[in-house]
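> sequence plus predicted model, see below.
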Amino acid sequence: MAEASSAGPLFADMFDDKVLAPAGRLDPAILARLFDAIPARVTAQDADHRYVYANRQALDLLGYRLEDIVGRSYREIVGDVIADRAAPLVDELKAGRAVQWSDWAVYPNGLRRFVEQIYSPCITHDGALVGYIAFIRDTTDLKLREEALEEQVAALNAREAVSSAILATSLDPIVVVDEEGLLEDLNPAAVETFGYSRQEAIGRSIAELIVPESSRGAHAAGMARYKASGISRVLDKRIQVDALRRDGSVLPVEMTISEIRLPLRRVFTAHLRDLTAARHAEALLAAQRDRLHQAEKLSAMGSLLAGVAHELNNPLAILVAQSTLLVETAPSPEIKRRAERIHAAAERSGRIVKSFLAMARQRPEKREPTDLNDLVKASVDMLGYGLRTHGITVDQVLDPALPKIMADHDFLGQVIANLIINAQHALTDRPEPRRIGLTTRTEPGFAIIEISDNGAGVPDALAERIFEPYFTTKPAGVGTGIGLSICRTVVESHGGTITLGRSDQGGARFTVRLPAETQEGRAVAAGIVASPALSILVIDDETDVRDSLAEMLELLGHDVVPIQHSAETLDQAAVMAADLAFVDLRMPGTDGLRFRDRLVAINPALANRVVIMTGDAVEGPGAIQRKADNGQIPMMEKPFGLAEVRHILETVGGLARRS
């Protein structure tokens with residue numbers, strides 16, 4: 001602590017009667033004690049900026065005694081930084097004007113303080129400058145508190161800015177409500193979702209704005225209970241409720257309500273998420289799961305059906321073949337008529353099995369000349385039992401001159417079957433008579449098939465959507481809504497069109513137009529030449545199938561070498577002499593494809609003349625196609641009749657029955 005200051009002669013000279021009126025002259029010692037009592041730092045300098053006085057507070061700050069600074073310059077004592085800061089003020093002081101400044105000041109002893117300084121000139125009566133008195137107030141603590149407060153305010157403003165940005169940029173609606181349930185704020189997402197502007201919404205009851213009328217009682221009761229008891233069933237929990245838009249529409253939302261306690265009150269923020277899209281996605285996912293489940297069931301049924309059909313095809317092949325032979329060799333007209341009936345029933349059974357398998361089979365499209373009339377008959381045969389049990393009469397008007405079309409037999413058969421099934425469903429609840437019409441006719445360049453019914457028809461408002469995927473007019477549990485979409489895809493892939501109209505009886509009429517086969521294509525099919533008798537190997541582990549095929553080949557004028565089964569030692573001489581071979585795909589110990597390789601290894605001329613027979617219409621064709629790679633392996637599906645055998649003989653190397 002510096003010792004108490006005392007006024008020196010120079011200090012006294014600054015306050016003589018040249019400066020103060022005689023009546024106001026003070027004793028310098030008294031004046032010094034007065035300055036020492038002031039809670040501020042006081043210094044005095046002469047006109048040359050040399051110290052003549054400093055009170056106790058100033059000396060304590062500077063760390064000097066009075067005699068240490070008297071006579072020394074202002075710059076020497078306070079340092080260059082402060083002296084330079086005060087230098088621009090000298091002219092003002094010389095002009096007799098008091099000046100002041102406040103700033104951070106660093107003293108030579110390293111002390112950094114925030115000071116407010118007032119410089120007052122001492123002027124004589126005749127205007128001469130005697131010196132200066134400086135009043136220095138140290139406000140460092142106050143300044144530090146101000147800066148801390150400013151930092152706190154800046155931090156608070158920054159947090160508020162971040163909070164406002166989060167509120168404004170949130171994709172989900174956010175609303176702020178006071179204890180009375182009045183809306184205080186809402187973000188842009190809430191404005192967009194609920195349809196109210198900020199000016200319209202703020203200050204209004206939240207129940208009136210977004211709570212459906214059916215839920216307002218529970219909302220009011222919950223608010224009252226919480227304010228009275230502090231017990232809430234919804235705070236800080238995710239709940240799903242309905243919310244109301246301005247236009248009166250209701251949307252499902254997920255809501256979380258949180259309480260914010262302020263110094264004098266509390267508010268509630270509600271974060272809401274529109275669940276409309278999520279609910280729609282859930283519904284689609286559920287529908288997809290259901291479709292997948294149905295597809296899995298169909299796949300399992302298809303596998304089961306394939307196995308059953310494979311077992312049926314062998315005895316059916318025997319029935320078809322033997323009835324064919326019996327028709328050709330019947331000793332009397334009566335026996336021939338009976339054989340024809342057996343043959344027709346066997347062929348019908350074979351068509352039904354093939355139709356079912358065609359629907360279960362998955363493979364790329366395969367185009368070949370196809371008779372639409374045959375497809376219609378096969379579909380009616382397959383669906384006949386269900387149609388009869390529903391009391392539905394099928395009227396077929398088939399054009400016998402209908403041109404063939406280049407089509408995938410299986411895929412197009414599924415289209416016709418699906419349209420018939422749709423017509424059957426449309427008639428389920430209709431009073432009798434229930435009728436389905438199947439008509440084929442010709443237009444220039446096109447073959448036409450129409451499937452109509454006498455049901456209620458499709459309303460005009462729904463007609464445009466009838467071919468959309470997953471759109472259905474059927475009741476829940478009946479259909480998936482994809483049948484007509486698939487029908488249109490298949491028909492259009494064949495270069496055709498499918499349209500919906502109204503039948504003459506008022507029901508629905510679906511019209512399928514398909515390009516007819518060209519005349520050039522027919523000419524190629526007709527250009528088959530006759531060939532001499534062939535030597536043919538027949539390999540099948542089913543004795544009756546093998547013998548029936550052998551008899552049909554012999555009936556067609558060919559020589560047959562029936563080999564019992566694949567496990568027997570091959571007669572290489574017979575293989576070398578063979579022109580053609582029929583081999584069953586599935587046989588004990590081996591399969592027809594490996595057996596084919598053995599035949600070709602012995603007689604390379606058989607490379608394209610080994611016909612694989614199969615009753616497995618689901619997996620068999622795919623296995624044969626994979627084995628063929630880029631080559632060709634002829635195939636004949638069971639059951640087969642004389643026409644199918646003749647067709648194979650014609651197509652495999654242009655072979656025909658000997659004339």
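In hand now; what should we look at?
> what does the pLDDT read for the most centrally placed residue in the chain?
Central residue of the chain (C-alpha atoms, centre = their mean): Ala281, 8.4 Å from the mean position. For Ala281, the model assigns a pLDDT of 87.
> now do it against Ala581, distance only.
The gap separating Ala281 from Ala581 is 57 Å, by C-beta to C-beta, to the nearest Å. Heads up, the C-betas are built off the backbone N, CA and C, glycines and all.
> what about the helices in the stretch 551-659 of the chain?
Using DSSP state H, counting those that start in this stretch, the helices of the stretch 551-659 of the chain run over residues 572-577, 592-602, 620-628, 642-651.
> those helices: lowest mean pLDDT?
Mean pLDDT, when computed for each of the helices of the stretch 551-659 of the chain, is lowest for helix 620-628, at a mean of 73.
> show me what that one is packed against.
helix 592-602, strand 610-614, strand 635-637 (3 or more C-beta pairs under 8 Å, 6 or more residues apart in numbering; DSSP states H and E).
> of these, flag the one that's most buried.
Of all these, strand 610-614 has the most neighbours on average by mean count of other C-beta atoms under 10 Å, namely a mean of 24.
> average pLDDT across it?
The pLDDT scores in strand 610-614 average 87.
> quick one: strands adjacent to that strand?
Applying DSSP bridges, strand 610-614 is found paired with strand 580-584 (parallel), strand 635-637 (parallel).
> let me see the contact set for the closest residue in space to Glu554 that isn't next to it in sequence.
Excluding the flanking residues, the one nearest Glu554 by C-beta to C-beta, 6 or more residues apart in numbering is Val560, at 5.7 Å. Val560 makes contact with 536-538, 550, 553-554, according to C-beta atoms under 8 Å, 6 or more residues apart in numbering.
> bridged to Val560, which residues?
Going by DSSP bridges, Val560 forms beta bridges with Ile536.
> okay, buried residues for the helix or strand Thr193 falls within please.
Using DSSP states H and E, Thr193 sits in helix 188-194. Buried residues in helix 188-194, counted by 16 or more other C-beta atoms under 10 Å: 189-190, 193-194.
> what does whichever strand or helix holds Ile82 contact?
Secondary structure assignment for Ile82, by DSSP H and E: helix 80-86. Taking contacts as C-beta under 8 Å, 6+ apart, the residues outside helix 80-86 that touch it are 74-75, 101, 103, 105-107, 117, 119.
> would you mind writing the CA trace of that helix as CSV?
Extracted C-alpha coordinates of helix 80-86, given in CSV (Å, rounded to 0.1, in the frame of the first residue of the first chain):
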residue,chain,number,x,y,z
ASP,A,80,3.3,4.0,-24.3
VAL,A,81,0.0,2.2,-24.8
ILE,A,82,-2.0,4.4,-22.5
ALA,A,83,-0.1,7.5,-23.4
ASP,A,84,-0.8,6.9,-27.1
ARG,A,85,-4.5,6.3,-26.3
ALA,A,86,-4.7,9.7,-24.5
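> list the buried residues of it.
For helix 80-86, by 16+ other C-beta under 10 Å, it's 82, 86.
> and if you look at stretch 574-592?
Result for stretch 574-592 [16+ other C-beta under 10 Å]: buried residues 575, 578-587, 591-592.
> now for these: which two are most distant?
Greatest spatial distance in the buried residues of stretch 574-592: Asp579 and Arg586, 24.7 Å, computed using C-beta to C-beta.
> what part of this structure, helix or strand, is modelled with the least confidence?
helix 519-526 (a mean of 40; mean pLDDT, DSSP states H and E).
> contacting residues around Gly391?
432, 434.
> the helix or strand harbouring Gln414 vs helix 620-628, what angle?
Per DSSP H and E: Gln414 is located in helix 409-426. Using axes from the mean of the first three to the mean of the last three C-alpha atoms, to 10 degrees, the inter-axis angle of helix 409-426 relative to helix 620-628 is 160 degrees.
> tell me the mean pLDDT for helix 409-426?
Average pLDDT, helix 409-426: 84.
> which strands and helices lie in contact with it?
Using 3+ C-beta pairs under 8 Å, 6+ apart, helix 409-426 sits against helix 333-360, strand 368-370, helix 372-389, strand 434-443, strand 446-453, helix 483-493, strand 508-515.
> just checking: what are the partner strands of the last one?
In the sheet containing strand 508-515, the strands it pairs with under DSSP bridges are strand 446-453 (antiparallel), strand 497-502 (antiparallel).
> what's near enough to touch the closest residue to Ile123 other than its chain neighbours?
Distances taken as C-beta to C-beta, 6+ apart put Gly96 closest to Ile123, at 5.2 Å, once the chain neighbours are dropped. Residues in contact with Gly96 (C-beta under 8 Å, 6+ apart) are 121, 123, 127, 129.
> please apply the same query to Thr276.
Shown in contact with Thr276 (C-beta under 8 Å, 6+ apart): 251-252.
> quick check: domain ranges of the protein?
9-138, 170-274, 364-526, 527-651 (automatic domain parsing).
> can you redo those as JSON lines with distance to Ala286?
Shown next, in JSON lines, are the domains of the chain (distance: least, C-beta to C-beta, whole Å):
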{"stretch": "domain 9-138", "distance to Ala286": "71"}
{"stretch": "domain 170-274", "distance to Ala286": "16"}
{"stretch": "domain 364-526", "distance to Ala286": "12"}
{"stretch": "domain 527-651", "distance to Ala286": "30"}
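> and Thr329, which of the ones you listed is closest to it?
Proximity to Thr329, assessed across the domains of the chain by C-beta to C-beta, is greatest for domain 527-651 (7.8 Å).
> so how far is the closest one from its chain's centroid?
51 Å (C-alpha atoms, centre = their mean, to the nearest Å).
> His494 and Val415 touch, don't they?
No. Taking contacts as C-beta atoms under 8 Å, His494 lies outside contact range of Val415: 9.1 Å.
> more crowded one of the two?
Val415 (29 against 21; other C-beta atoms under 10 Å).
> excluding its backbone neighbours, what's nearest that one?
Distances taken as C-beta to C-beta, 6+ apart place Cys487 nearest to Val415, at 4.7 Å, with adjacent residues excluded.
> and for Ile136?
Once flanking residues are discounted, Ile136 sits nearest to Arg41: 3.8 Å by C-beta to C-beta, 6+ apart.
> contacts only, for that neighbour.
54-55, 57-58, 61, 115, 134-138.
> what about 10 Å?
35, 54-62, 113, 115, 117, 134-138 (C-beta atoms under 10 Å, 6 or more residues apart in numbering).
> no further questions, thank you.
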